[in-house]
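Enquirer: Build me a model from this:
(chains A and B)
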2 protein chains.
Amino acid sequence: MTTEHYFALIMAGGSGTRLWPLSRQARPKQTLRLVGDRTMVQLAVERLDPLFTPERIFVVTAAEQVGALLRQAPQLPAGNFIVEPLQRGTASAIGLAALFLRKRDPEATMAVLTADHYIADNETFRRVLAAAYEEAQQGHLVTLGIKPSFPSTSFGYIERGELLAEIDGLTAYRVNAFREKPDAASAESFMADGQHTWNSGMFIWRVDRILAEMQKQMPRFYDQLMQIDAAIGADRESLVLSYVWPRVAAQTIDYGIMECADDVAVIPADIGWSDIGSWATLLEILPGDKDGNVVIDADHMNVDTRQTLVYGNNRMVATLGVSGLVVVDTDDVLLICSRERAQDVKKIVEKLRTNGGTKYL
Amino acid sequence: MTTEHYFALIMAGGSGTRLWPLSRQARPKQTLRLVGDRTMVQLAVERLDPLFTPERIFVVTAAEQVGALLRQAPQLPAGNFIVEPLQRGTASAIGLAALFLRKRDPEATMAVLTADHYIADNETFRRVLAAAYEEAQQGHLVTLGIKPSFPSTSFGYIERGELLAEIDGLTAYRVNAFREKPDAASAESFMADGQHTWNSGMFIWRVDRILAEMQKQMPRFYDQLMQIDAAIGADRESLVLSYVWPRVAAQTIDYGIMECADDVAVIPADIGWSDIGSWATLLEILPGDKDGNVVIDADHMNVDTRQTLVYGNNRMVATLGVSGLVVVDTDDVLLICSRERAQDVKKIVEKLRTNGGTKYL
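Expert: Residues are numbered from 1 along each chain as shown, chains lettered A, B, ... in the order given. Down below sits the predicted model:
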């Protein structure tokens, strides 16, 4: 079904702070063991087997994280790690990676994937990726849409239009519109009408097609890419990249390309996808004990405790008469918050940033 | 007012587990810094100044604790530490100490004091002790009664009878009866009638008087005391003590002496006394921030937190959207419980004892 022209690009440059204090600037979400004994980036790599061989899996990341990622995914060729000197948004990272992939294979199709999301059904995920490859060969920019499980106001939505194709039991639709994070009422109606899916941030397209789209919609950035492209593989590669990249305007792929692109397709994917947007998500996706408690890396002494997440640090955590709590124990910081407020962990991070607590960031 | 015949005996042998995980078998409540930068035993010693010079302050404790106590009260003469080979109840500890005090001063009067209670008003406390000394010279066994601030079912009560004396603005009454920990209805009526005070466990009496009472009410124990008394100061002191003491029947001073003694007096004392019976007590007695949070030894990052005790371990504790919690952070154990359930910390300790968690006791 798939071919040697299909490449995976794992986006692993995020610096997420919503899982503080476990996630830090120097230890972002994709490098953490959140859902078992594998880190998020390890899961992102391993779930691609056997669809993509290690030689066809690329990782784009930031300079401060590449060391950790090389250790976590040692089966990948070192040359498959693409390092941004600075982070300039998803459009820029994808454009940079597209250059490297085109050098490797002028006929390359790339699957832009994430390392900071959880996927429960890896087999279906690979089936979706295989179908998306077929659709991308028609010149479509393919997005993966996630069927909403609740009326989230934290995600963007994709409104589907006419049916384009049926492939291996999956369906591809033309995209009518991308919707930014909606208000609560819109989210309810998006969920009810069956026409909307969450924007997963995963995309599949031919490399020549996305570069052409960048030339059209982001001409200044495309010129910068061409300066870099001319230097790739030459002695001056690093010099050019470190000169050009700080001058690139930060841009996301959604705003920079997708919202105004022609010929965009969506494949609704039922793959057990979860954003792990906060500590509370782990209480939802991980199996709990009979009282709904989820305990990771802790010797938990539980008396009358319910619906509580204990992310430990290999010591004893005793809980008594509490419910709906999130407890995260790290070497230098202990976090205790109610699960309802888990999204507001970023408020703590903001306070630390402004109140001289940068050593905890 | 007072004389060189007045001695303080600080009872510091308790092994309390209600303040676990800070208090442990080898680190009991009286050795902890619970209410500031001084340990409980340091507070117990220091609040006696200037009524008792260090030479007239004795400490009775258990063998496994004496090392810590010597370091915490270095101003006391080493010879003033009386060590029980095993704990045999308060009556036994007081009897043993009485022997040593009688050797020091045949005319000694002893104030039996506690190291695991909090006293806010030390000046009044010393005035009460001075008045009790006067009353003890009349041959009374004097107890200090605490005016109930709530209808506790955790304390014993003392019912007062006729007025015996007025001394320095304080009053001494004959004791009608000691009441064991009452049920809720009795506690309400004790609180309402104005005739009952809490039994503080603090007593003042002449040493010859308490030894005579032991001879009368606890004759077997008195015989054992006399065996020890004959050996005190001799080479065989330790040998005799270690032979006799394990054979002493454990007994409290309340059951062994007070309930059936004649001529017992009570001085109601308004001294800001608190038992610190659980972590929740610290939330009541220590000054909190504007949201009622009490923070000890922690760098506290607070977002929307109320009525929460954070007893830290010199690292950052961040709390978000929680209320009425107790958080105790130690090297090997983290405790999180609701303040309403703080009394049940002992359930955790019991579970640890039976489930192979003795290293945490």
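Enquirer: Quick check, central residue of chain A?
Expert: Here the mean C-alpha position of chain A is nearest to the C-alpha of residue A:114 (Cα atoms, centre = their mean), at a distance of 2.8 Å.
Enquirer: Going along the chain from the one helix or strand residue A:97 maps to, find the next helix or strand for me.
Expert: With elements taken from DSSP states H and E, the one containing residue A:97 is helix A:90-104. Taking DSSP H and E as the definition, the helix or strand that follows helix A:90-104 towards the C-terminus is strand A:109-114.
Enquirer: what about the closest residue to chain B within the stretch 1-150 of chain A, which SS state?
Expert: Across the stretch 1-150 of chain A, the shortest distance to chain B (Cβ to the nearest Cβ) belongs to residue A:21, at 7.0 Å. Using the backbone N, CA and C atoms, a C-beta is placed for each residue, glycine as well. Three-state call for residue A:21 (DSSP: H, G, I helix; E, B strand; the rest coil): coil.
Enquirer: How much space separates it from residue A:205?
Expert: Residue A:21 sits 37 Å away from residue A:205, taking Cβ to Cβ, to the nearest Å as the criterion.
Enquirer: Which of those two has more residues huddled nearby?
Expert: In terms of neighbours (other Cβ atoms under 10 Å in any protein chain shown), residue A:205 is the more surrounded of residue A:21 and residue A:205; the figures are 29 against 25.
Enquirer: Would you agree the more buried one falls within a strand?
Expert: Yes: when three-state DSSP is applied, residue A:205 is found to be in a strand.
Enquirer: and the closest residue to chain B within the stretch 101-250 of chain A, what pLDDT?
Expert: With distances taken as Cβ to the nearest Cβ, the stretch 101-250 of chain A approaches chain B most closely at residue A:154, which sits 17.9 Å away. Per-residue confidence (pLDDT) for residue A:154: 87.
Enquirer: is it true that it touches residue A:180?
Expert: No: under the criterion of Cβ atoms under 8 Å, residue A:154 is not in contact with residue A:180, lying 11.2 Å apart.
Enquirer: Residues of chain A that sit close to chain B?
Expert: Applying Cβ under 8 Å from any Cβ of the partner chain, we find that chain A lies next to chain B at A:21, A:301, A:303-304, A:315-322, A:325, A:327, A:329, A:332-338, A:340-341, A:344-345, A:347-348, A:351-352, A:357, A:360.
Enquirer: among these, which ones are buried?
Expert: Neighbour-count burial within those applies to A:21, A:301, A:303, A:316-322, A:325, A:327, A:329, A:333-338, A:341, A:344-345, A:348, A:352, A:357, A:360; the criterion is 16 or more other Cβ atoms under 10 Å in any protein chain shown.
Enquirer: nearest spatial neighbour of the residue of chain A positioned farthest from its centre, skipping sequence neighbours?
Expert: Most distant residue from the mean C-alpha position of chain A: residue A:303, 37.2 Å away (Cα atoms, centre = their mean). Using Cβ to Cβ, 6 or more residues apart in numbering or on different chains and skipping residues adjacent in sequence, the residue nearest residue A:303 is residue A:320, 4.5 Å away.
Enquirer: And residue A:227, by the same measure?
Expert: Of all residues apart from its sequence neighbours, residue A:244 sits closest to residue A:227 (Cβ to Cβ, 6+ apart), at 5.4 Å.
Enquirer: can you list contacts of the helix or strand harbouring the one you found?
Expert: Residue A:244 is part of helix A:237-244 when elements are defined by DSSP H and E. Identification of contacts with helix A:237-244 by Cβ atoms under 8 Å, 6 or more residues apart in numbering or on different chains yields A:85, A:224, A:227, A:228, A:230, A:231.
Enquirer: give me every residue that touches the fifth one.
Expert: Shown in contact with residue A:230 (Cβ under 8 Å, 6+ apart): residue A:240.
Enquirer: In chain A, where is pLDDT below threshold?
Expert: Counting by pLDDT under 70, chain A contains low-confidence ranges at A:1-2, A:15-16.
Enquirer: show me where it has helices.
Expert: According to DSSP state H, chain A carries its helices in the segments A:40-46, A:66-72, A:90-104, A:122-136, A:184-193, A:207-217, A:219-231, A:237-244, A:253-256, A:279-285, A:345-354.
Enquirer: What is the distance between stretch A:279-289 and the centre of its chain?
Expert: Average the C-alpha atoms of stretch A:279-289, do the same for its chain, and the two points are 19 Å apart (Cα atoms, centre = their mean, to the nearest Å).
Enquirer: Skipping adjacent residues, who's closest to the residue of the stretch 1-150 of chain A closest to chain B in space?
Expert: According to Cβ to Cβ, 6+ apart, the nearest residue to residue A:21 is residue A:333 (3.9 Å).
Enquirer: Please report how far the one you found lies from residue A:309.
Expert: Noted for residue A:333: a distance of 16 Å to residue A:309, by Cβ to Cβ.
Enquirer: And residue A:89, by the same measure?
Expert: Counting by Cβ to Cβ, the separation of residue A:89 from residue A:309 is 32 Å.
Enquirer: Looking at these two, which one has more neighbours?
Expert: More crowded of residue A:89 and residue A:309, by other Cβ under 10 Å: residue A:309, with 25 against 20.
Enquirer: give me every residue that touches that one.
Expert: For residue A:309, the contacting residues are A:279-280, A:282-283, A:293-296, A:325-328, A:339, taking Cβ under 8 Å, 6+ apart as the criterion.
Enquirer: Look up how far residue B:312 lies from residue A:18.
Expert: When residue A:18 is compared with residue B:312 (using Cβ to Cβ), they lie 24 Å apart.
Enquirer: Burial check on the closest residue in space to residue A:265 that isn't next to it in sequence, number of neighbours?
Expert: Computed as Cβ to Cβ, 6+ apart, the closest residue to residue A:265 that is not its neighbour in sequence is residue A:140, at 4.1 Å. A count of nearby residues for residue A:140, using other Cβ under 10 Å, gives 26.
Enquirer: Test my guess that residue A:140 contacts residue A:267.
Expert: No: Residue A:140 lies out of contact with residue A:267 (Cβ under 8 Å); the separation is 9.8 Å.
Enquirer: Overlap of the contact sets of these two?
Expert: Taking Cβ under 8 Å, 6+ apart as the contact definition, residue A:140 and residue A:267 share the neighbouring residues residue A:172.
Enquirer: Now do the contacts for residue A:202.
Expert: With the criterion set at Cβ under 8 Å, 6+ apart, residue A:202 makes contact with A:111, A:112, A:113, A:114, A:143, A:144.
Enquirer: Now render the residues you listed as JSON lines, adding distance to residue A:74.
Expert: Written out in JSON lines, the entries for the contacts of residue A:202 read as follows (distance: Cβ to Cβ, whole Å):
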{"residue": "A:111", "distance to residue A:74": "22"}
{"residue": "A:112", "distance to residue A:74": "23"}
{"residue": "A:113", "distance to residue A:74": "19"}
{"residue": "A:114", "distance to residue A:74": "21"}
{"residue": "A:143", "distance to residue A:74": "31"}
{"residue": "A:144", "distance to residue A:74": "28"}
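Enquirer: From those residues, pick the one nearest residue B:174.
Expert: residue A:114 (80.9 Å; Cβ to Cβ).
Enquirer: pretty sure the closest one contacts residue A:13?
Expert: No: in terms of Cβ under 8 Å, residue A:114 does not count as a neighbour of residue A:13; the distance is 10.5 Å.
Enquirer: how much space between residue A:266 and residue A:175?
Expert: Between residue A:266 and residue A:175 the distance is 5 Å, computed by Cβ to Cβ.
Enquirer: Who are the contact partners of residue A:307?
Expert: Under the criterion of Cβ under 8 Å, 6+ apart, the neighbours of residue A:307 are A:283, A:288, A:291, A:292, A:293, A:323, A:324, A:339.
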